[in-house]
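Trainee: I would like the atomic coordinates for the input below:
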Amino acid sequence: MSRAFLSLIKPLRNPKPKSGKPGKFTEYLHIKRFLTEVCQILQSRGEQWKEILENRFFEEEIAPSEIAHLVFDGVRDCESGLKFYGFVTEKCCFLDGFAYSSLLKLLAQSKVFSELDILLAECLHCEAKRPSRDALDVVIRAYADARLLKKALDLYSFVLKEYDSLPDLMSCNSLLKGLVEDGNMGAAWDIYDEMVKRDYAGERKCMDNYSVCIMVKGLCNEGNVEKGRKLIEKRWGKHCIPNIVFYNTLIDGYCKRGDIDGAYVLFEDLKNHGFLPTLNTYGALVNGLCKKGQFDAVDEILKEMVSGGLEVSPQMYNNIVDAKLKFGLWEEALETTKKLRKLGCNLDIVSYNTLICRLCYDGKIHEAEAVLNEASNSGLVPNKLSFTPMIDAYCRRRNFDRAFSLLLEMAKCGHKPDLVTYAVLINGLVVAGDVDAALSIRNKMMEHGAYPDACIYNVLMNGLFKKGRITDAKKLIVEMLDNNVSPDEFVYATLVDGHMRCGDLADTEKLFNLMVERGVDPGLVGYNAMIKGYCKFGRMKDAICCISRMTRRRIPPDEFTYSTIIDGFIKQKNLFSALGVFSHAVKWNRSSNVVMYTSLMNGFCRSGDVAGAVKILRDMQSHGMAPNVVTYTILIGSCCKEGKLAEASLFFEEMLMNKCTPNHVTFHYLVNGLSNNIPFAILRTESRPMLLDIFGTMISHGHQPISASYASIISCLCMKRMVETALLLMDKILEAGIMLESVTFSALLCGVCSDGKSDEWMNIISSRISEIDVDVAFQYLYKFECYSTPEVIKQVSLILQGLLKECNSMENKILLFPKNSGVDKGEH
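Mentor: Predicted coordinates:
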């Protein structure tokens, strides 16, 4: 009976009864019923399935290997297939290529890649077990779709060599697509060229339009749009683009390259050839225009779409809004939302979330709340991604009451806080210094079944270490391990840094060495934390040895590593070694950053060599790096200490010209430098810097040095259109009770008018200055003529002339804000 079974089933996958032979038909039905029974036994959950299966095969007098391929074809799940495979191999039965082919297909379709790899290794290089080519086609396709491209490529090469045939077209296209998307164009070209060669040789269909389109897209992704077009013309003829898909691919390529003109030429060409633009056509153009900030052209495209009966997709809307927000046009982004709603575009919550997220990122939290309200009023239900950016924004502003109220609103909408939401709250509280409140949030999240991850534990431990609560931090690491949360390199770095903060270098070294001995890789972050500690305690040799340990473990030092070492040598007054480390970093790592340059400049300034520091500054700028506030402040402070006020003033002006915002340390150095070196400050030269010019004039008019210093700084800020910084400085001056000058009023007016807000000057300035002398304001306005534009001076003059008519006394003193009794009046 066994031979009869074998003759029936070997050549067939779906046996059909043959007419005129009722005996064989009866046997076929019997086999089919038996196969169904075998599949049911395999799919059962009973513990005795092996024994039952063995008995049935014995009763039928059939070897399991004889019908293995039919069983693998019959089961629908890989678990049952693997159970039968294990059952057969335990019986030491030999499986042939038919069986392996069927099982490979089953595993590939189920995407069980670990077992698939083992099975391939077992059967691929054995002639008797070798699977069919169509089975390997399925495996190649599965590997390619899962982006296991090396495995797919290796199997493709095996098929090409051993079967002297290409895998089927679908498999080749899947592999091509994966390689192109992965950026491996070299391997993609090898496959494509083989497909073209065999297609021209007359083999079965080896390529199609999709194959060509994949390669064209790859070329366009590289910016080689013209080469992509030539590839199309090589197949279909010169100036021939066969369908809209190819047009869309080329237009998208031009737009990604930033060649909008080239994209428009093709756009007109496709319409001239009778093709109708699709949503993808318009989407590519819109994305390209958005990247260029050409939003008027975007509006024209949208109008053309709507007139052609196409709807603006939410994804396209999101791209437009995101682009406008990146260009700082948040008001226009909101207006776009309203326009699209009028056009009938059904915006989803993702669209509103895009707007909310960007507004929160830019600090426009109130506008973000307005968008959230609009989404709710539109009938949409906000989700976690709507609330979390706003909670984060309010936490960064330390407005925790509003953050918690938003958390309640989120719960009312049916969304429980997730790890990201809790992490935002905990991080905000820790940054604000309220570690206990952060720990209580940790307790509440655990009560609700959400357990902290390594990131949250890291934030909490960092906050505790900064508060000096080392015992509580150690308790957290124990809790973390009890909850089966594995510490990562950032947690270890926090532990190292935390012990360093507490001045416990010996325990820190023990912890670090224990971590390395136990096979935990501290990573770059961990080594940097240890190096920072050694530098803090002046142990520079140990810091250098730590770098050697890093390189032996093939962890290359980064810019932070080198900047920390340089800063450590500078604090040890070892400028020579600092320069050596800097040279090494540039030579071997080809990396340097502003912090490294700034540390070197600090070293030169500490040794009294300001000229050397300036050389370092210019070298940094020649390498395309912009100095930051610390860089300029170090130079300004050193110049002021040495009485070089002209140089300090020039650096201050350069700082403002480069839109680098000064901080309170910068202002402190300048005020002390000006007020303590009045003879040098008022010394007249042919080309005095703006700061000294204004300060010298005010001193000569009898103003107090401190108030004259601040008024001069504020004037410079306003002349360089940094009005917001000037107003913040004014607020601090008022809080300190320092008297303000009418000079400041005139300078602020210049700054406000330069920003195009001449109509809003009263709202911006009057709450800060309660009384001015118009004569003094006019006098200094003429002084500012050489530092501002004629148009601005004219606008300020008109404002002052208007105020002059409203004078309340013969002394030309004007009460701008009479009810402001808490503000000291300025000198006049």
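
Trainee: now do stretch 188-201: distance to the chain's middle.
Mentor: Here the centre of stretch 188-201 is set off from its chain's centre by 39 Å, with Cα atoms, centre = their mean, to the nearest Å.

Trainee: that should have said stretch 88-96, apologies.
Mentor: Worked out by Cα atoms, centre = their mean, stretch 88-96 lies 53 Å from the chain centre.

Trainee: residues in contact with that stretch: which ones?
Mentor: Applying Cβ atoms under 8 Å, 6 or more residues apart in numbering, the contact partners of stretch 88-96 are 63, 64, 65, 68, 69, 85, 99, 128, 129. Any C-beta I mention is one placed from the backbone N, CA and C, and that applies to glycine too.

Trainee: can I get these in CSV including secondary structure and distance to residue 259?
Mentor: As requested, the contacts of stretch 88-96 are exported to CSV (DSSP: H, G, I helix; E, B strand; the rest coil; distance: Cβ to Cβ, whole Å):
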residue, secondary structure, distance to residue 259
63, coil, 67
64, helix, 64
65, helix, 62
68, helix, 59
69, helix, 55
85, helix, 56
99, helix, 56
128, coil, 58
129, coil, 54
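
Trainee: quick one, which of those are buried?
Mentor: Neighbour-count burial (16 or more other Cβ atoms under 10 Å) applied to the contacts of stretch 88-96 gives 63, 64, 65, 68, 69, 85, 99, 129.

Trainee: now the residues you listed as a markdown table including distance to residue 222?
Mentor: Listed next are those as a markdown table, based on distance: Cβ to Cβ, whole Å:
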| residue | distance to residue 222 |
| --- | --- |
| 63 | 56 |
| 64 | 53 |
| 65 | 51 |
| 68 | 48 |
| 69 | 45 |
| 85 | 44 |
| 99 | 45 |
| 129 | 42 |
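
Trainee: would you list these in CSV and tack on pLDDT?
Mentor: What follows is the buried ones among the contacts of stretch 88-96, written out as CSV (pLDDT from 0 to 100):
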residue, pLDDT
63, 84
64, 84
65, 83
68, 85
69, 86
85, 86
99, 88
129, 89
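
Trainee: for those, which one is nearest residue 399?
Mentor: Among the buried ones among the contacts of stretch 88-96, residue 85 lies closest to residue 399 (Cβ to Cβ), at 62.0 Å.

Trainee: wait, what's in contact with the closest one?
Mentor: Counted by Cβ under 8 Å, 6+ apart, residue 85 has contacts 72, 95, 103.

Trainee: quick one: low-confidence ranges for this structure?
Mentor: 1-26, 28, 340-346, 588-592, 681-686, 739-741, 766-772, 806-828 (pLDDT under 70).

Trainee: for it, which helix is longest?
Mentor: In the chain, assigned by DSSP state H, the helix with the most residues is helix 22-43.

Trainee: how far off centre is it?
Mentor: 58 Å.

Trainee: other SSEs contacting it?
Mentor: Packing contacts for helix 22-43, counted by 3 or more Cβ pairs under 8 Å, 6 or more residues apart in numbering; DSSP states H and E, involve helix 2-9, helix 49-60, helix 68-74, helix 78-90.

Trainee: out of the ones you listed, which is closest to residue 802?
Mentor: Closest among the helices and strands packed on helix 22-43, using Cβ to Cβ: helix 78-90, at 84.6 Å.

Trainee: pull out the buried positions in the closest one.
Mentor: Judged by neighbour count using 16+ other Cβ under 10 Å, the buried positions of helix 78-90 are 78, 80, 81, 82, 83, 84, 85, 87, 88.

Trainee: likewise for stretch 717-732?
Mentor: Neighbour-count burial for stretch 717-732, counted by 16+ other Cβ under 10 Å, picks out 717, 718, 719, 720, 721, 722, 723, 725, 726, 727, 729, 730.

Trainee: my read is that residue 757 contacts residue 751, right?
Mentor: No: counting by Cβ atoms under 8 Å, residue 757 stays clear of residue 751, with 9.2 Å between them.

Trainee: the more surrounded of the two?
Mentor: Shown here are residue 757 and residue 751; by other Cβ atoms under 10 Å, residue 751 has more neighbours (28 against 13).

Trainee: what sits against the more buried one?
Mentor: By Cβ under 8 Å, 6+ apart, the neighbours of residue 751 are 717, 718, 719, 721, 722, 723, 726.

Trainee: now do the SS call for the residue nearest to the first one when sequence neighbours are not counted.
Mentor: This points to residue 717. The shortest distance from residue 717 to any residue other than its chain neighbours is 4.0 Å, reached at residue 726 (Cβ to Cβ, 6 or more residues apart in numbering). For residue 726, the assignment made with DSSP: H, G, I helix; E, B strand; the rest coil gives helix.

Trainee: got the contacts of residue 751 as JSON lines, with secondary structure and distance to residue 631 columns?
Mentor: Listed next are those as JSON lines, based on three-state DSSP; distance: Cβ to Cβ, whole Å:
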{"residue": "717", "secondary structure": "helix", "distance to residue 631": "18"}
{"residue": "718", "secondary structure": "helix", "distance to residue 631": "23"}
{"residue": "719", "secondary structure": "helix", "distance to residue 631": "22"}
{"residue": "721", "secondary structure": "coil", "distance to residue 631": "21"}
{"residue": "722", "secondary structure": "coil", "distance to residue 631": "17"}
{"residue": "723", "secondary structure": "helix", "distance to residue 631": "24"}
{"residue": "726", "secondary structure": "helix", "distance to residue 631": "22"}
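
Trainee: which one of those sits closest to residue 479?
Mentor: residue 722 (48.0 Å).

Trainee: surely the closest one touches residue 656?
Mentor: Yes: with contact defined as Cβ under 8 Å, residue 722 and residue 656 form a contacting pair (6.0 Å).
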